[in-house]
Each structure stands twice: as C-alpha cells, then as structure tokens.
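Colleague: Predicted model, plus sequence, below.
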Amino acid sequence: MATYLNALTFREMFGRQLRRPDRGQAQAYIVAPLDNTMNRSETARMIEMVRRSLVRCVDYGEVYYVTREMTEYMTSVIDQHLKGEHVFHLSQGDMPSLTGFVYFDGSIPLPTVYSPTGYHNLRAVLWDQYAIVRDEPGKKSPIYYGDAPTPHEPEVIGKILYSVTDAPNPQQWEMYGPWKMRHWIPAEYEVRLDGRMIESGFDTANGLIRNDSRYRDLALTDEQIEQDKLDTRVAIDTLFKILRVWTRVIQQEIPVRHPRPSAYDKVMHKEGRPPADVQVTHLRRYENKPPTGLVEVDWAYRWKVKGHHRWQRVGPGRAFLRQVWVKEYTKGPADKPLVERDKLTSLDR
C-alpha cells in the first residue's frame, strides 16, 4: 500500500545513489547544463556541481509527498482548467522551501523516445537555489548557490528544477537504479517559462539548450532528435502545470502533525539522521466535522517554524485579502532546548 513512507525510502535509496561519485555523476550528466564550448575540466566541474546540488536537494532539503489519489486529482485539474495554458511564471515564495523535493505516488506520464512504451512516469521534482554572479555588465553566469569559486556574493534569481522519472527499462537499473534524472530547468523569478525554453542543456546567450554532443553520445537519428525536442517541450509543460497546481493547494490548505505509525522504524535512515516529523495536508471537504489525527504540541522543547504564506486582511475596513510571507522563526518556551528534525509534508484528500 502506498504511504508517505515511500518518500522517505526514495530519499534514502536515491540519495545513496547520488552520494556515490560514479553513479551520482552518471545521474548528473543526464541533466547537467553542458555547453559545446566547455573543455573537459569545465564539463567535469559542472557535472560534479550538479551532483552536489542533487545531494543537497535530497539529503538536506524538505520532503513533500503527494498521494496517488491527490496525483489523480491534480492531473484532472490540469486536464479541465490548464490544458490550453503554456506560459508560466515562478515567484519568490511559490516553492514551499529553499531546497527539497516532492514525491508523487501516482502516475504522471511524460513522453520520451528513450522508453519502448513512448513515455516514462514522473516520480519526483527537486529544487535548489539558482544564483548568478554578475562578473561583467550584462552577463549572467549560472551557478549553484554556495558552489561559486568567487569572492563575490552570488545573487539568487530563481530555482533550479530537476525532474526524476522511473527508469524506462530494467536494462538501465544496473547503472541508474529504479529512478533516473530527466530535466534541468533554470526557472528565474518573474520570467516567462514554457516548454520551448529547454531541450538538453543551457546556453547563456539565449536561454536555450545547445549541446549536440549529448545526442551524438546517445547515437540518435535526426528524426529521434527532433522527436526528443518535441517530447521535452511537452514534458516541461506538464511539469510546470503539476507544480502550479500542487503549490497552490499546499499554500491554501493547513497541514497537521500526524501520529508516527508503528512501521515507521522499518524505514531506512541515513546514519545520524533522526526520524522525520510528518505533516499531512488534507484537501478540505466542506463539512461541519471536527478535525482528526491532531497531536498535542510538546511544550518541553522549542522548534523551528518554516517560512510560509499567510492570508492577511488589508485595506479600508480590512476588506481585502493579501498573501504575506512569514519568515522562519523559533517557537516554544525560551528556556527549553531546541529540537530540530527532518520534516515530511504529505498531501492527501
């Protein structure tokens, strides 16, 4: 039976793959923003930079989980209300944390020429900080936050989005395991985002991917290359839509602490990592019914409340509602010890 423990299992198993230099670099190579002008050392550095970014997302970012039923619900919303939309924008605060990933337990098919079925299933979306160093007027040098070998402070301009899919066939499991990286998407804040912005790498001149050597390595025909570009546009379009629906739902719903199940201790944990706190977001049903599954706050500790959106009344007579961003803060009695645990947020209905 699918539960939010699947997201924790994914974190441990996929994180173990990424931490191994050989397998982690194989995963990073698939999505690394390589350019035709890069030499061998620049290519190796970029691949390693991406690998460390992926490890940061999986090992140290916040964990989110979407049930199979909620995945079906969100895809139905896309079919009914977002089918004709192809332009999207990302704003500060849209993603629920600085870095992390969301795991989907349902089926979200993405077209691809690399699978005998013609599609593979989206399993997770990772995100990390996207920053630049403006070393020359009018020039942008994409880097990952904290990885730039420069004395200048990088400027965060958006999020790097990564998609992870189920490996398309058992032959690839030996190298990649059950999951495989698929896309690298530089999503700047308040900039037009659509499926045409990316194909297989990043070109700082025009924001498009130009890395024909990757296609040569894969021995694809001209027809397959064109089909891959078309499939990528459709896949990126689907990814933006699913993120739009998911982020809007979790901004409007209120998560509650969930009792830890008896089977929780059977889930693998990285050495030294305490068990995660679990928050479950239930899609509201408009019934006069008391909430269930709540847990009393343990006032023997202090704990951190992450940054979040809050609806606030503003204007004359407080007649209007506006979303405001509340920064992360510490809650609880000042004389109590601070307890920090990982947190997994589940979306259910």
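Modeller: The structure has been received and is ready for your questions.
Colleague: Tell me, how many residues neighbour D79?
Modeller: By other Cβ atoms under 10 Å, 10 other residues sit near D79. In short, each C-beta sits where N, CA and C put it, glycine included.
Colleague: secondary structure class for it?
Modeller: Secondary structure state of D79, per DSSP: H, G, I helix; E, B strand; the rest coil, is helix.
Colleague: residue ranges with poor pLDDT in the protein?
Modeller: 1-2, 134-142, 145-152, 197-220, 253-301, 313-321, 341, 349 (pLDDT under 70).
Colleague: all helices of it, in order?
Modeller: 5-19, 21-31, 40-55, 68-81, 173-176, 212-218, 222-252 (DSSP state H).
Colleague: out of these, deepest packed?
Modeller: helix 5-19 (a mean of 20; mean count of other Cβ atoms under 10 Å).
Colleague: Show me what it packs onto, helices and strands only.
Modeller: helix 21-31, helix 40-55, strand 62-66, strand 100-104, strand 119-132, strand 179-188, strand 343-348 (3 or more Cβ pairs under 8 Å, 6 or more residues apart in numbering; DSSP states H and E).
Colleague: Quick one: closest of the ones you listed to R248.
Modeller: Of all those, it is strand 343-348 that lies closest to R248, at 11.4 Å by Cβ to Cβ.
Colleague: Check the spacing between K306 and P111 real quick.
Modeller: Here K306 is placed at a distance of 35 Å from P111 (Cβ to Cβ, to the nearest Å).
Colleague: Which one of the two is surrounded by more residues?
Modeller: Taking neighbours as other Cβ under 10 Å, K306 and P111 compare with P111 leading, 18 against 14.
Colleague: from what I can see the more buried one touches K229, true?
Modeller: No - the pair P111 / K229 is not scored as a contact, 11.3 Å apart, by Cβ atoms under 8 Å.
Colleague: Tell me, how many residues neighbour the closest residue to P116 other than its chain neighbours?
Modeller: Spatially, and ignoring its direct neighbours in sequence, P116 is nearest to N169 (6.4 Å; Cβ to Cβ, 6 or more residues apart in numbering). With neighbours defined by other Cβ under 10 Å, the count for N169 comes to 12.
Colleague: Backbone dihedrals for N169, both of them.
Modeller: Per-residue torsions, N169: phi -150, psi 160 (degrees, to the nearest 10).
Colleague: roughly how far apart are it and Y103?
Modeller: Separation of N169 from Y103 (Cβ to Cβ) stands at 22 Å.
Colleague: ok, now G61?
Modeller: Taken as Cβ to Cβ, the span from G61 to Y103 is 12 Å.
Colleague: nearest to L90, of the helices and strands packed on helix 5-19?
Modeller: That would be strand 179-188 among the helices and strands packed on helix 5-19, by Cβ to Cβ, at 4.7 Å.
Colleague: Specify the angle between that closest one and helix 40-55 in degrees.
Modeller: 100 degrees (axes from the mean of the first three to the mean of the last three Cα atoms, to 10 degrees).
Colleague: Give me the distance between strand 179-188 and the centre of its chain.
Modeller: 9 Å (Cα atoms, centre = their mean, to the nearest Å).
Colleague: Pairing partners for that strand, with directions?
Modeller: strand 155-166 (antiparallel) (DSSP bridges).
Colleague: Restrict the strand it pairs with to CA atoms and write it as CSV.
Modeller: Extracted as CSV, the C-alpha positions of strand 155-166 are listed here (Å, rounded to 0.1, in the frame of the first residue of the first chain):
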residue,chain,number,x,y,z
GLU,A,155,22.6,36.7,-6.3
VAL,A,156,19.7,34.2,-6.0
ILE,A,157,17.4,34.8,-9.1
GLY,A,158,15.2,31.7,-9.0
LYS,A,159,15.1,28.0,-8.6
ILE,A,160,16.8,25.1,-10.4
LEU,A,161,14.1,22.5,-11.0
TYR,A,162,15.0,18.8,-11.6
SER,A,163,12.7,16.1,-12.7
VAL,A,164,13.2,12.4,-11.8
THR,A,165,11.4,9.6,-13.6
ASP,A,166,11.1,5.9,-13.2
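Colleague: now it, how far from the centre of its chain.
Modeller: Counting by Cα atoms, centre = their mean, strand 155-166 comes out at 6 Å from the chain centroid.
Colleague: In it, which residues are buried?
Modeller: 157-165 (16 or more other Cβ atoms under 10 Å).
Colleague: number of nearby residues for Q92?
Modeller: So Q92, with other Cβ under 10 Å, has 12 neighbours.
Colleague: wait, I meant L82
Modeller: Quick note: L82 (other Cβ under 10 Å) scores 17 neighbours.
Colleague: what's in contact with stretch 233-242?
Modeller: By Cβ atoms under 8 Å, 6 or more residues apart in numbering, the residues outside stretch 233-242 that reach it are 74-75, 78, 82, 85-86, 88, 104, 108, 110-112, 122, 125, 161, 163, 182-183, 185, 193-199.
Colleague: out of those, which are buried?
Modeller: By 16+ other Cβ under 10 Å, the contacts of stretch 233-242 give 74-75, 78, 82, 88, 104, 108, 110-112, 122, 125, 161, 163, 182-183, 185, 193, 195-199 as buried.
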